[in-house]
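> with the sequence up front, the predicted model follows.
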Amino acid sequence: MSQHLPPHFSGVTSMSLDFVSVDDFSHNRFQYIEDPFPFYAQMREHRPAHLSESIFGGTWLMFRYADCAGLMKDERLSNARSAVPLRFLPPEQREEFADMLDVYSRWLAFHDGAEHTRNRRQANRSYVPFTDEYLEPRIQGLVDGLLDRVDPKGFDLIGEFAFPLPAMVIADVLGVPVERHADLNRWTDDIAHLFGSTSVTVDHLRRTRESTRQLADFLASEENARLSRAEGGLLHQLREARVRGHRFSERDVVAQAALLLFAGVASIRYLIGNCVHALADVPVSERNLLLRPETVGPAVEELLRLCTPVSFVGRIAGEAFEYTASDGTVIPLAKGQPLLLYVASANRDPEVFDRPDELVLDRPLPNRHLTFGIGRHLCFGDPLVRQTTRIALSSLYRRWPELRVPPQEANWNNNLGFHGFTSLQVTGGD
Ligand code: HEM
């Protein structure tokens, strides 16, 4: 998908709602992908809770911070939503994808209540060895290795850096070969397209089924089990961790490892590109906030707020109930009905943030963005994302303080759910 770059994730608020037809809204339409922020602004103001008849056969779309944050914590909503993207298929045809759904339905992200708590504790226990101190030199080494290889006169930030890096980082944490980053990107890309899109085809489902099978085989292989054991990697830790005598089954281990790869690779790779794009017009003196230990923290939080690649969080109604939205609209929810909570819109809600569309690198903490969600399902990987983003950006701008994004055709991922570029030419200097 190639088009001219839009005016930097602008967030124009003066357009009328006629600018878009709400009923056309889809995660796979270029019109929304290129610059969704005017649309979000209009929806926050005029239609903060909107029933889309076309998305998954009837889905409530929520755009304000108060509704998104409240509903993410609402225990009447459920996360057992692994089969939502297959709703367009007749039940007899869903059978074909049973093995793929078996993997997703084991993901800790898709459980509720006590079962979720148990799985999450188990995953937390497995992650104990991966402290910031342990990860810092490893991530820095991977970043430096990639940046040493680019031509500073001009390179594709995404293809040569932002895409390989997260796959390498998470492979390294798992204790599996980092050289397989291209395969990991391909497999997780298919899964991301399934969960980020609002319309998928049977062909795509078949491809995703094959990618999921290859990813699961990779994670289940004896060779990778041996490598991870030798490294003390997370794949091995997931097998070993016991919480109150409970262990993950072998199929659960493979499923949780696949979740961590999907959730991490599909998001960080776009985040880095979005950040560099947003920083393109920022004066060097301000960008230097990323280089100082005392200012880098707030600067990264602000980039996470404005540049999140994860546009929404999904839920389904766990029971039938009425929800009163922040504008007073009463929403009748049927059991099983899907909702999409737009965190990328909530992050720019003027009710919560001053100058919501501006990148304010010294915005005071706490920066209450919803980029990692809120409540019991808060992102498992948030420390790894913060650390990887900090190291990636500070290393880029330390090497090339004048790093520029020249005018160019932009290639967007064809999926607003994972929002970002699939290539971005940059110049480090002469
Ligand atoms: C830019 C990077 C990332 C963003 C924006 C992001 C965003 C999110 C969000 C919004 C949620 C909450 C979903 C919900 O409420 O249902 C979530 C959950 C999760 N994330 Fe991330 N994520 C990122 C990277 C990662 C990484 C690197 C990992 C793992 C290494 C990861 C693993 C997970 C897992 C396992 C969950 C489910 C947690 C649960 O349900 O208890 N994420 N993420």
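The structure has been received and is ready for your questions.
> give the buried residues for stretch 288-296.
Buried residues in stretch 288-296, defined by neighbour count with 16 or more other C-beta atoms under 10 Å: 288-290, 296. Placement of C-beta: from N, CA and C, glycine included.
> same question but for stretch 121-132, I mixed them up
Result for stretch 121-132 [16+ other C-beta under 10 Å]: buried residues 122-123, 126-127, 130.
> circling back to that earlier point, in the buried residues of stretch 288-296, find the pair that's most separated.
Asn288 and Val296 (9.9 Å; C-beta to C-beta).
> tell me the strands beside the helix or strand where Ile331 lies, with direction?
Here Ile331, judged by DSSP states H and E, is contained in strand 330-333. Strand pairing for strand 330-333, determined by DSSP bridges: strand 321-324 (antiparallel).
> I'd say Met72 and Leu340 touch.
No - here Met72 lies out of contact with Leu340, judged by C-beta atoms under 8 Å, at a distance of 11.7 Å.
> overlap in contacts, these two.
Jointly contacting Met72 and Leu340 under the rule C-beta atoms under 8 Å, 6 or more residues apart in numbering are Val313.
> which ones are touching the residue in the stretch 251-400 of the chain that the ligand sits nearest to?
Among the residues of the stretch 251-400 of the chain, Gly381 lies closest to the ligand, at 2.2 Å counting by C-beta to the nearest ligand atom. Counting by C-beta under 8 Å, 6+ apart, Gly381 makes contact with 260, 263-264.
> need those residues in JSON lines with distance to the ligand, pLDDT and secondary structure, can you?
Formatted as JSON lines, the contacts of Gly381 follow (distance: C-beta to the nearest ligand atom, whole Å; pLDDT from 0 to 100; DSSP: H, G, I helix; E, B strand; the rest coil):
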{"residue": "Leu260", "distance to the ligand": "4", "pLDDT": "98", "secondary structure": "helix"}
{"residue": "Ala263", "distance to the ligand": "3", "pLDDT": "97", "secondary structure": "helix"}
{"residue": "Gly264", "distance to the ligand": "3", "pLDDT": "94", "secondary structure": "helix"}
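> now, which of those residues sits nearest Arg94?
The closest of the contacts of Gly381, once distances to Arg94 are taken by C-beta to C-beta, is Ala263, at 23.7 Å.
> burial measure for that closest one, as a count.
Neighbour count for Ala263, taken as other C-beta atoms under 10 Å: 22.
> residues contacting it?
So Ala263 contacts 109, 379-381 (C-beta under 8 Å, 6+ apart).
> pLDDT score assigned to His193?
The model reports His193 with a pLDDT of 95.
> leaving out sequence neighbours, find the closest residue to it.
Distance criterion C-beta to C-beta, 6 or more residues apart in numbering; nearest residue to His193, sequence neighbours excluded, is Asn415 at 5.6 Å.
> separation between the one you found and Asn274?
14 Å (C-beta to C-beta, to the nearest Å).
> ok, back up a step: around the residue nearest to His193, how many other residues sit close by?
If you count neighbours by other C-beta under 10 Å, Asn415 ends up with 25.
> isn't it up against Phe30?
No - with contacts counted by C-beta under 8 Å, Asn415 stays clear of Phe30, the gap being 11.0 Å.
> grab the nearest non-local neighbour of Leu304.
Nearest one to Leu304, counting by C-beta to C-beta, 6+ apart, is Thr371 at 4.6 Å.
> which residues touch that neighbour?
Residues in contact with Thr371 (C-beta under 8 Å, 6+ apart) are 304-305, 308, 310, 343, 347.
> show me how far stretch 353-366 is from its chain's centre.
21 Å (C-alpha atoms, centre = their mean, to the nearest Å).
> hmm, I was thinking of stretch 177-196
Put simply, stretch 177-196 sits 13 Å off its chain's centre (C-alpha atoms, centre = their mean).
> again with stretch 140-150
Centre-to-centre, stretch 140-150 and its host chain are 23 Å apart (C-alpha atoms, centre = their mean).
> now stretch 82-97
Centroid separation for stretch 82-97 versus its chain: 24 Å, with C-alpha atoms, centre = their mean.
> so is that stretch next to the ligand?
No - judged by C-beta under 6 Å from any ligand atom, stretch 82-97 makes no contact with the ligand; its nearest approach is 11.8 Å.
> stretch 138-150 too?
No - if you take C-beta under 6 Å from any ligand atom as the test, stretch 138-150 misses the ligand, and the best it gets is 11.6 Å.
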